[in-house]
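Participant: Fold the stuff below for me.
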Amino acid sequence: MSDVLNDLLAKRGFLLADGATGTNLFNMGLMSGDAPELWNTDEPQKILALYRGAVAAGSDLFLTNSFGANASRLKLHDAASRAHELSRVAAELGREVADRAERKVIVAGSVGPTGEIMEPVGSLTHALAVEMFHETADGLKEGGADIGWLETISAPEEYRAAAEGFARAGLPWCGTMSFDTAGRTMMGVTSEAMVELVEGLDPAPLAFGANCGTGASDLLRTVLGFAAKEPARPIIAKGNAGIPKYVEGHIHYDGTPELMGRYAVMARDCGASIIGGCCGTMPEHLRHMREALDSTERGEAPTLEEIAATLGDFSSPSDGTGEGAAPARRPRRGGRRRA
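Facilitator: Now for the predicted structure:
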């Protein structure tokens, strides 16, 4: 199988990924607590609009609406048996949009966490996790996804199980973790530890990195941690559009399109070559990110002081490594999805 991701990366130098799924779908009428994946069959025109919005804004790749399309999450909506189907349809809709684009666009099959805690801390076994990830990955492959895209993972055990699931499906993949706990993932993984994890996997992801988290500044500090280890594969940066604020009964992210344009350039300078947005990132943000990346030459890696001055203060004094590093939080069930 050809490596479509690295082929396109070699041609373009860097890739712009997409933005949020949940934020955009909420704006289309999705209600809090509903399963977005059910819209693949119930509201396919809205999912097509989601994908087209990213492509029109300049994204080189977009993620499918399949973040929670696994049996564990879908059972909460009495749809556990539909994991393969909903994954397949999510990719089929993505394939339709990508194939009609005027340029090469990659369909990346989104795969989120199971929402369960794995052994030995929790009760989810490795075998069952692999089975769930394989079911989702196989559906994405059948639907025409170019690659799988694991995201918002906290535990190394779950990352390994997903890698095995992708391997069984024969789907090349990328994978990000969420560093939302004083520079670490919820389960204590640091940027350094993730590089070691990724390099020890077989098959390893095509690219790896960070998504979501607590803010763009923190995410770029994590990317600098990745780059310092000189990894053998491309780095992904997919940060939130600012900080969430509760306004009149709704969550709003305070990152402006102009700010996200500056974030995109700094992410590239920090060492990322696949750059996108996560929660709160709308097509208008993506357009500014595309313009900023295309019009700005690559520069030197920014200092932490420069990152904070441009994007805002860090949420913690440490990146989770070295002296003063904070311990991991007590495990909890994973969050519903990237918004």
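Participant: Next, the contact list for Arg233, please.
Facilitator: 198, 204-208 (C-beta atoms under 8 Å, 6 or more residues apart in numbering). Where C-beta positions appear, they are placed from N, C-alpha and C, glycine not excepted.
Participant: doesn't Asp60 make contact with Arg12?
Facilitator: Yes - at 6.7 Å, Arg12 counts as touching Asp60 under the criterion of C-beta atoms under 8 Å.
Participant: For those two, list the residues in contact with both.
Facilitator: By C-beta under 8 Å, 6+ apart, no residue touches both Arg12 and Asp60.
Participant: What about the contacts of Arg233, which are in helices?
Facilitator: If you go by DSSP state H, the contacts of Arg233 have Val198 in helices.
Participant: how near is the nearest residue to Asp60 once chain neighbours are set aside to Pro234?
Facilitator: Spatially, and ignoring its direct neighbours in sequence, Asp60 is nearest to Leu15 (4.2 Å; C-beta to C-beta, 6 or more residues apart in numbering). Separation of Leu15 from Pro234 (C-beta to C-beta, to the nearest Å): 9 Å.
Participant: One more: Asp180?
Facilitator: Distance from Asp180 to Pro234, by C-beta to C-beta: 22 Å.
Participant: Please apply the same query to Ala267.
Facilitator: For Ala267, the distance to Pro234 - C-beta to C-beta - is 12 Å.
Participant: The two: who's more crowded?
Facilitator: Ala267 (32 against 20; other C-beta atoms under 10 Å).
Participant: For Arg95, which residues are in contact?
Facilitator: Counted by C-beta under 8 Å, 6+ apart, Arg95 has contacts 107, 143-145.
Participant: Quick one: mean pLDDT over the strand or helix carrying it.
Facilitator: Using DSSP states H and E, Arg95 falls within helix 83-100. For helix 83-100, the mean pLDDT works out to 98.
Participant: model confidence over the helix or strand immediately after that helix in the chain, on average?
Facilitator: Counting by DSSP H and E, the element after helix 83-100 in chain order, helix or strand, is strand 106-111. Averaging pLDDT along strand 106-111 gives 98.
Participant: so what secondary structure elements neighbour the next helix-or-strand element following strand 106-111?
Facilitator: Sequence-wise, the next helix or strand downstream of strand 106-111 (DSSP H and E) is helix 126-143. Helix 126-143 is packed against helix 71-74, helix 83-100, strand 106-111, strand 147-153, helix 156-169, with contacts defined by 3 or more C-beta pairs under 8 Å, 6 or more residues apart in numbering; DSSP states H and E.
Participant: switch to 10 Å and redo it
Facilitator: Packing contacts for helix 126-143, counted by 3 or more C-beta pairs under 10 Å, 6 or more residues apart in numbering; DSSP states H and E, involve helix 71-74, helix 83-100, strand 106-111, strand 147-153, helix 156-169, strand 173-177.
Participant: Can you tell me the strand partners of the fourth one and which way each runs?
Facilitator: In this case it means strand 147-153. strand 106-111 (parallel), strand 173-177 (parallel) (DSSP bridges).
Participant: Could you export those strands to JSON lines, including columns for mean neighbour count and distance to Gly139?
Facilitator: As requested, the strands paired with strand 147-153 are exported to JSON lines (neighbours: other C-beta atoms under 10 Å; distance: least, C-beta to C-beta, whole Å):
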{"stretch": "strand 106-111", "mean neighbour count": "28", "distance to Gly139": "8"}
{"stretch": "strand 173-177", "mean neighbour count": "28", "distance to Gly139": "14"}
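Participant: For Ser32, which non-adjacent residue is spatially closest?
Facilitator: Counting by C-beta to C-beta, 6+ apart, the residue nearest Ser32 is Phe26, at 7.6 Å.
Participant: Same question for that neighbour, what's its three-state structure.
Facilitator: At Phe26 the chain is in helix, as set by DSSP: H, G, I helix; E, B strand; the rest coil.
Participant: Listing request: residues of the stretch 151-300 of the chain with sub-threshold pLDDT.
Facilitator: Filtered on pLDDT under 70, the stretch 151-300 of the chain yields the residue ranges 246-252.
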